Structure formats: structure tokens, C-alpha cells
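*Asks:* got a predicted structure plus its sequence, pasted below:
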Amino acid sequence: MTCENSSITPPVSHFAQCAQSGEHGEDGSKAVGAPAQTMGVGQEAESQIVAARQARDMILALLAARAQGATVCPSEVARATVAASGTSTEADDWRNAMPLVHAAVDRLLAEGFVRLSWKGESLATRAGPYRIGRVTRS
């Protein structure tokens, strides 16, 4: 699945895009007032969306920097995502990012952008320990 703006990231829904501008209310009508309050999208939810996109982008960036056939560990993605955000104050903050990494992996797997493996064996779904690899297109 691709977006008209990118070959990697699918489009964000119209209402999600308008959440920042306050263009629409919850029922799709023209909104009045603060965008986050109007759309029911709080700052925490917005930061989760941004963090999920960062995790997804980090997976793709780390894979792009590796040789064909190489894989990355999900914890490496989480560590790199937290480090890139510049908001980490604790050495173990990467553990809090793991659910976002797992969700990003699941989505990329469903979209056919990545493959999963463990000790050289292919995995159909994310279960137990796993590594993330690039799908080779012919």
C-alpha cells in the first residue's frame, strides 16, 4: 500500500490530518475551538501517532542501511527510535517503545514491506523472539 505523497508510508485519514488544523469537528462538521479538544485527539494520542510513525520510519531506515539479506532486532529499532526522539532521560526508555515497534512491524509485515525470521527460519507472524528483514522484490 502506498500513499500519493510517499512510496512507503500510507496516507493518514482526512480527519487525522485535520485534527491539528481544527478544520472538522468529531461529526465531520466545521469545528470551532481548540483542535485537540474539538477532535477528541489529546496531546498524548497525537504523540502516540508520531511515535508510531517514528518507529515505522526507523525500521525502514535501519534496514535500508544494511546489506541485502541483513536483519535488525526489534530492540535495536526501539533504542534507535528513543535516541532519535531526543526525549529519553532513562537508559531503559527503549523498553517503553517496544509496543510501538511491534505494532509497526505488524503493519509493515501486513503491507509486505518486511519479513520476519528467527535463527534463519522464516516466521509467518510475530511470535516470541524475531528479527526483521527487508522483503526482496524481483
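*Replies:* Okay, I see it.

*Asks:* hmm, M98 is touching E76, no?
*Replies:* No. Here M98 does not reach E76: they are 11.2 Å apart, not a contact under C-beta atoms under 8 Å. C-betas here are computed from N, CA, C, even on glycine.

*Asks:* nearest spatial neighbour of S85, skipping sequence neighbours?
*Replies:* Excluding the flanking residues, the one nearest S85 by C-beta to C-beta, 6 or more residues apart in numbering is Q54, at 6.5 Å.

*Asks:* wait, that neighbour sits on A84?
*Replies:* Yes. The criterion here is C-beta under 8 Å, and Q54 meets it with A84 at 6.8 Å.

*Asks:* which one's more surrounded, the two?
*Replies:* Q54 (21 against 13; other C-beta atoms under 10 Å).

*Asks:* tell me which helix or strand the more buried one sits in.
*Replies:* helix 43-64 (DSSP states H and E).

*Asks:* give the next helix or strand downstream of that helix.
*Replies:* Per DSSP H and E, the helix or strand that comes after helix 43-64 is strand 71-72.
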